[in-house]
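*Asks:* turn this into a structure:
(chains A and B)
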Amino acid sequence: MSECLLQASQVGIDFGGLRALRGFDLEVRNGDLKGLIGPNGAGKTTAFNLLTGVYVPTHGEIRMCGERVNGRPPHQINHLGLARTFQNIRLFRVLSALDNVRVACLSEARPLFPRERIAALRRRAGGSSPVASMMDALNNYVDWWRALLLTPGFQEEEQEITRRADELLAVMGLSHRRNEEARNLPYGEQRRLEIARALGTRPRVLLLDEPAAGMNTREKADLMVLIRQLRDQFSLGILVIEHDMKLVMGICEDITVLDHGVTIARGAPEGVRQDPKVIEAYLGDSYLAAHGMPVPPSPSNSTSETPAP
Amino acid sequence: MPAWLRGLVPVLIAIAVLAVLQLLLGHLPFFVYLASIVGVNVILAVSLNIVNGMTGQFSIGHAGFMAVGAYTAGKLSFLLKDVAIAGLPAVVSDQVQFLGTLLAGGAAAAICGFIVGLPSLRLRGDYLAIVTLGFGEIIRVIVQNMEVFGRALGLSGIPQTSSLFAVWFCVFLVVLVARRIVGSTHGRSLWAIREDEVAAEAMGVNTTGYKVRAFVISSFFAGVAGGLFAHFVPIINPGSFTFVKSIEVVVMVVLGGLGSTTGAIVAAVILTLLPEALRTLFLQLGGLGAGVSLAQKVDQIRMPVYGILLVVLMLVRPQGLFGTREVWDLLPRWIPRARKGLT
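*Replies:* Next comes the predicted model:
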């Protein structure tokens, strides 16, 4: 089995008195395609925000590539190889499609101190290290001067970034929108641009928050193929939040179901689909009826394990 | 053209052009004075645009940084007045000292920018506005109460070593810096922060770091503008660096279009020359009332005009004169450009 890239163990967060997520476990390995489903308000996006560092977990531990990332700023977690898209599209609206991707294509090369060395220092210090921050600052200082003086090295780097961004646009089928402002793109293309942008950061794990929302049937079918293709082409681990059951059941090999912040089921799509708790909390009897499955004896009233919100 | 030269060509051209202008127009005192005032305001507007326009943060204390630069450079020049650098002709020695004091003024302002920016830019939202507002006032009050800086009377007797060339070369530099930033990874990161801070952070942009850097650069140039200002006006006093001055610069940036360097330049020129134009208009209309001095009248009408201008603009063109566009977007394709979306 490949190494564990992203690992959450017993992660939880309280917002004041509300425990939005508790006891959340997750592992994403290279080549995984996992799903995260549940009714609205179940804590799916909260889980994403915890993993990417937008929120700091109040319980548990998150590790990215073996490194504890609790409390690290999101950009550092991103540098470790975790990228995401957003449920409500968050593109840089006035920037062109190309520039949206180029923002994410930060250069790997640093002028004075290599990124790995800074990362190693941070790892040893267990989070923030003044020396690492100083190196980072010096790197940036030199980098700004290179940009202001338009040095040959800087020009090459810009060309390299542009080349990579163009490549990613091509992969996502957006080359024809290259110079258009992101806000003028149709909805489905905006979603794909978000994925292209996330790929620009050279992720090892990609989190997709409702990538198919607002897409038509045709686009959804294309997206399914695309997600699989991305996983293989960029050798990623992918975690998807999605409400479209056909898509989730179609591509995910492992599904976690959340309800009221609690994990109520986990496993292969077939098993999850027939889990009575999942059916009660999320899928509903009509889903089974529509798929010609037997409706199991209702476990409601008696065995409701989900706590009241 | 070799690659290493590409970065320097504009500078060489600018030096040549400005030297010619200096020779042709440098002896017209009123013109030079006016051009210098315009130049200083352009530097202020373009540098503020880096923070307020490109990065989307809201700073309203630019006059404070200008004051730091003005007083640092002015006081230094004043102290060095009778010192000459050995082995150099007096004129050259003066200019070298002038350059040194300008850099010192800029550096002092940049340090202040760092100190002010670091805590307040960690947060999202309007904290920066409040902190910079406070900073501007603190600087003014400090200067007003310190004997070294001449209290409310201000500093006079600063050697008038500024020239058309010096001011407009600084203008050129700030515009070049703004343009190079926009065309680089750094500029794109700043725009990303302006558009969506959460997304920028998630895409690996160190938002706090970038905001602070943009703020420090902006403060540096405000300090330089102040330093220049101190070397061509006969006297600098706290009255030149009030909150009103800060707002004036903000108005220039908003009027020109948040994020457009071209807009900032055009708006700064218009708003600086507006009082002069109004003055001429007054003279022609014979609007000199008894007992009211001309300067007072112009000053009285300037603020209402600002207000009306802004209201009209916000109704007609909420994005400002230029929006986020630049004049160099319109250049023919063969001219190398450094602009969003085009390569």
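*Asks:* tally up the residues packed near residue A:156, please.
*Replies:* Here the count is done by other C-beta atoms under 10 Å in any protein chain shown, and residue A:156 has 12 residues near it. To be clear about C-beta, it is placed using only N, CA and C from the backbone, and glycine gets the same treatment.
*Asks:* and the gap between it and residue B:204?
*Replies:* 21 Å (C-beta to C-beta, to the nearest Å).
*Asks:* do residue A:118 as well
*Replies:* As judged by C-beta to C-beta, residue A:118 and residue B:204 stand 14 Å apart.
*Asks:* and those two? which has more neighbours close in?
*Replies:* Neighbours were counted for residue A:118 and for residue B:204 using other C-beta under 10 Å; residue B:204 has more, 24 against 21.
*Asks:* write out the residues of chain B neighbouring chain A.
*Replies:* By C-beta under 8 Å from any C-beta of the partner chain, the part of chain B that sits against chain A consists of B:3-4, B:6-7, B:177, B:180-181, B:183-186, B:188-189, B:191-192, B:195-196, B:198-209, B:213, B:324, B:340-343.
*Asks:* redo that, cut-off 7 Å
*Replies:* Chain B comes close to chain A at residues B:3-4, B:6-7, B:177, B:180-181, B:184-186, B:188-189, B:191-192, B:195-196, B:198-199, B:201-206, B:209, B:213, B:324, B:340-343, as judged by C-beta under 7 Å from any C-beta of the partner chain.
*Asks:* buried ones among those residues?
*Replies:* With burial judged by 16 or more other C-beta atoms under 10 Å in any protein chain shown, the buried subset of the residues of chain B next to chain A is B:7, B:177, B:180-181, B:184-186, B:188-189, B:191-192, B:195-196, B:199, B:201-206, B:209, B:213, B:324, B:340-341, B:343.
*Asks:* list the contacts of residue B:146.
*Replies:* Contact analysis of residue B:146 by C-beta atoms under 7 Å, 6 or more residues apart in numbering or on different chains lists nothing.
*Asks:* hmm, try it at 10 Å
*Replies:* Residues in contact with residue B:146 (C-beta atoms under 10 Å, 6 or more residues apart in numbering or on different chains) are residue B:71.
*Asks:* per-residue confidence for it?
*Replies:* On the pLDDT scale, residue B:146 is placed at 88.
*Asks:* likewise the one 10 residues further on?
*Replies:* The pLDDT attached to residue B:156 in the predicted structure is 85.
*Asks:* tell me the spacing between it and residue B:228.
*Replies:* 17 Å.
*Asks:* looking at these two, which is more packed in?
*Replies:* Neighbour totals were compared for residue B:156 and residue B:228, and residue B:228 leads with 29 against 13 (other C-beta under 10 Å).
*Asks:* verify the contact between that one and residue B:77 for me.
*Replies:* No - the pair residue B:228 / residue B:77 is not scored as a contact, 11.3 Å apart, by C-beta atoms under 10 Å.
*Asks:* shared neighbours, those two?
*Replies:* The contact lists of residue B:228 and residue B:77 share B:98, B:102, B:105, B:162, where a contact means C-beta under 10 Å, 6+ apart.
*Asks:* check contacts around the closest residue to residue A:220 other than its chain neighbours.
*Replies:* Distances taken as C-beta to C-beta, 6 or more residues apart in numbering or on different chains put residue A:212 closest to residue A:220, at 4.9 Å, once the chain neighbours are dropped. Residue A:212 makes contact with A:188, A:191, A:219-224, A:227, A:240, A:242-244, A:246-248 under the criterion C-beta under 10 Å, 6+ apart.
*Asks:* so which of those is the closest to residue A:52?
*Replies:* Using C-beta to C-beta, residue A:240 is the member of the contacts of residue A:212 that sits closest to residue A:52, with 14.6 Å.
*Asks:* which residue is nearest the middle of the chain?
*Replies:* I went with chain A, as the question did not name one. Chain A has residue A:207 as the residue nearest its centroid, 1.6 Å off, counting by C-alpha atoms, centre = their mean.
*Asks:* wrong one, chain B
*Replies:* Geometric centre of chain B, nearest residue: residue B:44, 1.3 Å, by C-alpha atoms, centre = their mean.
*Asks:* which residues are in contact with both of residue A:118 and residue B:204?
*Replies:* Joint contacts of residue A:118 and residue B:204 (C-beta under 10 Å, 6+ apart) are A:76, A:79.
*Asks:* dump the one helix or strand residue B:172 maps to to PDB, restricted to CA.
*Replies:* Using DSSP states H and E, residue B:172 falls within helix B:164-182. Extracted C-alpha coordinates of helix B:164-182, given in PDB (Å, rounded to 0.1, in the frame of the first residue of the first chain):
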ATOM      1  CA  LEU B 164      12.300  68.700 -12.200                       C
ATOM      2  CA  PHE B 165      14.600  65.800 -13.100                       C
ATOM      3  CA  ALA B 166      14.700  64.400  -9.500                       C
ATOM      4  CA  VAL B 167      10.900  64.500  -8.900                       C
ATOM      5  CA  TRP B 168      10.000  63.100 -12.300                       C
ATOM      6  CA  PHE B 169      12.600  60.400 -12.200                       C
ATOM      7  CA  CYS B 170      11.100  59.200  -8.900                       C
ATOM      8  CA  VAL B 171       7.700  59.400 -10.600                       C
ATOM      9  CA  PHE B 172       9.100  57.200 -13.400                       C
ATOM     10  CA  LEU B 173      10.600  54.800 -10.800                       C
ATOM     11  CA  VAL B 174       7.300  54.300  -8.900                       C
ATOM     12  CA  VAL B 175       5.400  53.700 -12.100                       C
ATOM     13  CA  LEU B 176       8.000  51.300 -13.300                       C
ATOM     14  CA  VAL B 177       7.900  49.400 -10.000                       C
ATOM     15  CA  ALA B 178       4.100  49.300 -10.100                       C
ATOM     16  CA  ARG B 179       4.100  48.000 -13.600                       C
ATOM     17  CA  ARG B 180       6.700  45.400 -13.000                       C
ATOM     18  CA  ILE B 181       4.900  44.200  -9.900                       C
ATOM     19  CA  VAL B 182       1.700  43.800 -11.800                       C
END
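*Asks:* before we move on, what SS does the residue nearest to residue A:175 when sequence neighbours are not counted have?
*Replies:* Nearest residue to residue A:175, sequence neighbours excluded (C-beta to C-beta, 6+ apart): residue A:169, at 5.1 Å. What DSSP: H, G, I helix; E, B strand; the rest coil gives for residue A:169 is helix.
*Asks:* can you count the residues close to residue A:169?
*Replies:* Residue A:169: 23 neighbours (other C-beta under 10 Å).
*Asks:* give me the pLDDT value at it.
*Replies:* What the model reports as pLDDT for residue A:169 is 94.
*Asks:* which residues touch it?
*Replies:* If you count contacts by C-beta under 10 Å, 6+ apart, residue A:169 has them with A:97-98, A:100-101, A:175-178, A:192-193, A:196-197, A:200.
*Asks:* ok, which stretches of the chain are helices?
*Replies:* Chain wasn't specified; assuming chain A. Ranges of helices in chain A, per DSSP state H, are A:44-51, A:74-79, A:97-104, A:115-125, A:130-149, A:152-171, A:187-200, A:217-233, A:245-251, A:269-274, A:276-278, A:285-290.
*Asks:* wrong chain, I was asking about chain B
*Replies:* B:3-6, B:9-25, B:29-49, B:62-79, B:90-121, B:127-144, B:164-182, B:185-195, B:197-202, B:207-230, B:243-256, B:261-285, B:294-316.
*Asks:* of all residues in the stretch 201-309 of chain A, which one is closest to chain B?
*Replies:* residue A:201 (4.9 Å; C-beta to the nearest C-beta).
*Asks:* that concludes my questions; thank you for your assistance.
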